[in-house]
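K.L.:
Kindly generate the corresponding structure for this input.
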Amino acid sequence: MDIISIIGILLSLTAILLGQYLEGGHMSSLLQFTAFMIVIGGTLGAVMLQTSLKDFMNGLSMLKWVIQPPRIASQETLDMILDWSQKARRGGLLALEPFIDEQKDLFHRRGLQMLVDGVEPEVLRETLELDLEVYERQSVNAAKVWQAAGGYSPTIGILGAVMGLIHVMENLSDPSKLGSGIAVAFVATIYGVGGANLFFLPVAGKLRYWVGRLVNNKEFFIQGIVAIANGENPRAIEAKLQGYMS
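P.N.:
Model (predicted):
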């Protein structure tokens, strides 16, 4: 569990609500369903128009990474590569064939299968790097869903504010309706700007961080598997991969 994300969410909400309270405002004044519907609905609609269905769904599924990050087992990957290199050095590449079916990660399975099949090291590298490039592009596009939401949200908030002011102007003769219109106008702006800077953009940044970590771990694997294909000494492989561990 990513504790700093939870602390960040709680701290930002507490600061805003506490500030509202200290200024003598009421918490209920920040709760406007109409403003929420305009900002969130408009933002989601704009994002869906911009992105493909696959990227949009991937972006939603990646949201859990903010609280529950993906597992990045760098030390386990290093130990696995060193074990493979030692076995390949003693019994040849075919000695690694029993380990193929044990791989739950499809990227690892594909790399090991190509290694056992005797694919040339450069071809092995090029193939895995192409797979990695596709994975990185898809993951970054999914993270950009939240970045796009952060870009549209403030503008949709202003749109909601203008709509609220139009409602006010239409009811100048009825003072009882002025308060609700003004409230929607200002709260919509708060939702738009607050949603972008307190949620959408930070989420996009956190997701891109984890995508970078995952890509680094796959690059780490590629370096190791190609080193085994080149017949490098296990100690030399370990020394080469220590840089990725740091």
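K.L.:
Could you point out the longest helix of this structure?
P.N.:
helix 121-170 (DSSP state H).
K.L.:
Send me the helix or strand just after that one as CSV with only the CA atoms.
P.N.:
Note on helix 121-170: by DSSP states H and E, the next helix or strand toward the C-terminus is helix 178-195. As requested, C-alpha coordinates have been extracted for helix 178-195 and formatted as CSV (Å, rounded to 0.1, in the frame of the first residue of the first chain):
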residue,chain,number,x,y,z
LEU,A,178,-30.0,34.1,-6.8
GLY,A,179,-28.3,32.2,-4.0
SER,A,180,-28.4,28.8,-5.6
GLY,A,181,-27.2,30.1,-9.0
ILE,A,182,-24.3,31.9,-7.5
ALA,A,183,-23.4,28.8,-5.4
VAL,A,184,-23.4,26.6,-8.5
ALA,A,185,-21.2,29.1,-10.3
PHE,A,186,-18.5,29.3,-7.6
VAL,A,187,-18.6,25.6,-6.5
ALA,A,188,-18.3,24.5,-10.1
THR,A,189,-15.0,26.4,-10.4
ILE,A,190,-13.8,24.9,-7.2
TYR,A,191,-14.6,21.4,-8.4
GLY,A,192,-12.9,22.0,-11.7
VAL,A,193,-9.7,23.5,-10.5
GLY,A,194,-9.6,21.4,-7.3
GLY,A,195,-10.3,18.2,-9.2
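K.L.:
Let me see the domain layout of the chain.
P.N.:
The record's domain parsing of the chain by automatic domain parsing lists 1-31, 32-246.
K.L.:
Any idea which of those has the lowest pLDDT on average?
P.N.:
Sorting those by mean pLDDT places domain 1-31 lowest, at a mean of 82.
K.L.:
Can you tell me which of the domains of the chain is packed in deepest?
P.N.:
Mean neighbours per residue, mean count of other CB atoms under 10 Å, is largest over the domains of the chain for domain 32-246, with a mean of 17. Heads up, the C-betas are built off the backbone N, CA and C, glycines and all.
K.L.:
And the longest helix of the chain, how far out from the chain middle?
P.N.:
10 Å (CA atoms, centre = their mean, to the nearest Å).
K.L.:
Following the chain onward from the helix or strand containing Ser12, which element is next?
P.N.:
Counting by DSSP H and E, the element that carries Ser12 is helix 3-22. Of the helices and strands lying after helix 3-22 in sequence (DSSP H and E), the nearest is helix 33-50.
K.L.:
so where does the residue nearest the centre of the chain fall, helix or strand?
P.N.:
Ranked by distance to the mean C-alpha position of the chain (CA atoms, centre = their mean), the top residue is Leu207 at 2.1 Å. Of the helices and strands defined by DSSP H and E, Leu207 is found in helix 201-229.
K.L.:
For the residue of the chain most remote from its centre, grab phi and psi.
P.N.:
Seen from the C-alpha centroid of the chain, the residue lying at the greatest distance (CA atoms, centre = their mean) is Ser173, 49.7 Å away. For Ser173, the backbone dihedrals are phi -80, psi -10 (criterion: degrees, to the nearest 10).
K.L.:
residue contacts, the residue lying closest to Leu132 once chain neighbours are set aside?
P.N.:
Of all residues not flanking Leu132 in the chain, Lys218 sits nearest, at 5.1 Å (CB to CB, 6 or more residues apart in numbering). Listed by CB atoms under 8 Å, 6 or more residues apart in numbering, the contact set of Lys218 reads Phe107, Leu128, Leu132, Tyr135.
K.L.:
I am finished for the moment; much appreciated.
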